[in-house]
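# the following comprises the amino acid sequence and a computationally predicted model.
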Amino acid sequence: MRVAFVVNDLALSGGIGVIVQHARQLTDHHGFAAHLVLARAWEHEETWRYDSLVGLPVLTLEDARAQHWDVVVATWWETTHAAFTLPADRHAYFIQSLEDRFYYRDEPERVGAALTLDLPVAFITEARWIADTLADLRPDAPCHFVRNGIDKSTFPPLDGIRPHLDGPLRVLIEGNPSVWFKHVPEAIEAAAMMREPHEVTVVTGERAELSGAPIDRLLGPLTHREMAETYAQSDVLLKLSAVEGMFGPPLEAFHRGATCVVTPVTGHEEYVEHNFNGLVCDWDDLRGTARLLDLLARDRRLLHFLRTNALHTARAWPSWEQAGQFMAAALRAIHREPAPAASPAAAAMLADIRGGLEAYRVHLAERNDFARQVERVERITKQPVVAKVLRQRHRPLARRALALARRLLSR
Amino acid sequence: MADWQERITRETNPAVRIEHDVRYALAVPLIRDSEVWADLGCGNGVAAADALGDEPVARAVLVDVEQSAAEEAARTVRARETTPLRADLTDPADLARLRDALAGATGTITCFETVEHLANFAPLIETLAELSERFTVLLSVPNDAFWALENPYHQTVWSEGAFAELRSLLPAGNVVAHQVSLSGSAVVPEVEGAIEVEVPVRAGTDAVPTHFLAAFGPDAGRVAHLAAVTQTDLEERRRWERQREADLAFAEAAHEELRAAQARLDEANADLERVIGEREDFRRYIHELEERLGLPRSGGEPAALPPA
């Protein structure tokens, strides 16, 4: 079976890593011809490549358009347009997160990302919460649930956990501080608020952003193998993300013998059990998070219990080989079954466009209202007398006069 | 203690045996109404034969990766016609032979505790989905992720999440059931010896499942609840739990002793350091005296603490 995964780029990221792994499994074990298709042209060669990318064909959109595909899979909302330009028996959409949540409320991409969920495609998703959401949003569309595997050769589960009886608590924080929903600066702040002895390591691809941060070690970018080694040297992974899809990093940490302190972010419910294999903190509660870390630093028996259970959780998580079987079966089912009907998709899309227009109208009315208010203020401030007062307002005499005027007006 | 006996025999632990019995008992009403019943991963057929009893079924296709097991099952299961079939359920060619064996027929397929033994289960699931147009399929997988037991015979790990993935591949209208563990007790007057009792029991999906079951196909809606209890070997269980308890207490005591020994060692080291310091002071004083008196220096190099 010929399958094209349409990707935006091949930069090192969790999302692309997942697609590469699936393509690799399909090609190596299930008789598929899986290709990666770049949705847009890149001016320079990507510096980060994956080991598992070796031998996987990467095509330009133009080259891919010249071929016929059994299934074309969009992998990110911006790739859906490109995916539909490829001739194929079926079009599918691999959803790793509800991507509208990556954008602020007034960013136009937010609506664009949400609208792609209305396309007439078969869905494949890696998280149960997304599958449940899609079942509500698009009951007409088939949705296959395929969890991400873990590369057990890169992140081999430890044979056992050696208790960390004393010494500072080894806290690991990972992620890029510029990605707002990862809340890396907040995690650093929470760790800095600890009272018990601790050592904080941060792994990031954006080291310059964190110069002067209250941490002990700054690493990165790291390869997956180096990351596995760093997890193994940690007691606890601290993740305060606001948006996650499948939420892979704590699971990788579990394989290497670390527990986690995490927010109740989407995806955590699949494998994090509070007070069993990790601790779940409250949203926006840095002080409370610091106290949870202090608890782990003080109570080494609890720390060991959580780390032990985290390792057991990891052992029971499927490998990429198992995940690849589900992906192969899902793609074959998508190809075998009739293509999703266009009418329910069109109805859903038009309803969402209507909703988007209404939201935009409200937003625009608010903006216009603010603009009118600003205009009124500007008109007043441009009056020569007011402008002169404003220019002079920091002078001692003007400040006394303004204070007197305020007192008189407040009576 | 973990017992990795994967074939069900007459000697199998009663607690494990009854789990198999219940699954087959669930399928019996469907099997009895079937033109053909296929049992995939049948083993030696003991659990199926016990559930079916003495009344023979119409036709049984007994499938196992080992020819001898399939033949043994064909001898054990009571059926008017039996077909032992050796098949590797990961092999598309063997799956095609299975489809041929079931061609044109209708009935029931059972596939209990088999999927997790396959390195590649996707072709089997696709075959079962295809056959479910004519056959009602009942399959089960263990919840081995809950206990995180590393069963050396299992090629894949099954859990609530993995079962949800599997379910998303099954035809619409599938029925899912949780198999849960029961525990109980009985009073038996000495004079009665062994007794048969009927026990009302509450079982719910709020408990952690030991296994997940799915039924799909024409008669999937006929799958009903079922329960059975059996006497367990408390003696063996007690040995295992006591051993673990004793090992833990032993490790904790050994650890405490080690900590106390470390504290004594630290104290002794501090004393030694103080004594060495005093001796060094004394040595320096003697050397000063010797210098003043014009005598050669006595003693060797200053002593050092032994390595920690």
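In hand now; what should we look at?

# near chain A, which residues of chain B show up?
Residues of chain B lying near chain A by CB under 8 Å from any CB of the partner chain: B:119-122, B:125-126, B:129, B:144-146, B:148, B:150, B:156-157, B:159, B:161-162, B:164-169. Heads up, the C-betas are built off the backbone N, CA and C, glycines and all.

# swap in 7 Å and give it another go.
For chain B, the residues in contact with chain A (CB under 7 Å from any CB of the partner chain) are B:120-122, B:125-126, B:144-145, B:148, B:150, B:156-157, B:159, B:161-162, B:164-165, B:168-169.

# residue of the stretch 151-300 of chain B nearest chain A, please.
B:S168 (4.1 Å; CB to the nearest CB).

# give me every residue that touches that residue.
By CB atoms under 7 Å, 6 or more residues apart in numbering or on different chains, the contact list for B:S168 reads A:C143, A:H144, A:F145.

# one more: A:V203?
So A:V203 contacts A:L172, A:E174, A:L219, A:G220, A:L222, A:M227, A:T230 (CB under 7 Å, 6+ apart).

# write the ChimeraX selection for whichever of those are buried.
To isolate the buried members of the contacts of A:V203 in ChimeraX, using 16 or more other CB atoms under 10 Å in any protein chain shown:
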select /A:172,174,220,222,227,230
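
# switch the contacts of A:V203 over to a markdown table; also include distance to A:L357 and secondary structure.
Putting the contacts of A:V203 into a markdown table (distance: CB to CB, whole Å; DSSP: H, G, I helix; E, B strand; the rest coil) gives the following:
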| residue | distance to A:L357 | secondary structure |
| --- | --- | --- |
| A:L172 | 45 | strand |
| A:E174 | 40 | strand |
| A:L219 | 47 | strand |
| A:G220 | 43 | coil |
| A:L222 | 45 | coil |
| A:M227 | 44 | helix |
| A:T230 | 48 | helix |
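
# could the contacts of A:V203 go into a markdown table alongside pLDDT and distance to A:D282?
Listed next are the contacts of A:V203 as a markdown table, based on pLDDT from 0 to 100; distance: CB to CB, whole Å:
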| residue | pLDDT | distance to A:D282 |
| --- | --- | --- |
| A:L172 | 98 | 21 |
| A:E174 | 96 | 21 |
| A:L219 | 97 | 28 |
| A:G220 | 87 | 28 |
| A:L222 | 93 | 30 |
| A:M227 | 96 | 28 |
| A:T230 | 98 | 27 |
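
# and chain B, which of the contacts of A:V203 contact it?
Answer for these near chain B: none qualify (CB under 7 Å from any CB).

# please work out the average pLDDT along the lengthiest helix in chain A.
Looking across chain A with DSSP state H, the single longest helix is helix A:342-381. In this model, helix A:342-381 has a mean pLDDT of 91.

# now stretch A:157-169
Stretch A:157-169 comes out at a mean pLDDT of 93.

# please apply the same query to stretch B:195-203.
What stretch B:195-203 shows for mean pLDDT is 88.

# list the contacts for residue 119?
Going with chain A. Counting by CB under 7 Å, 6+ apart, A:L119 touches A:T80, A:Y93, A:A345.

# um, chain B though
Listed by CB under 7 Å, 6+ apart, the contact partners of B:A119 are B:T90, B:Q155.
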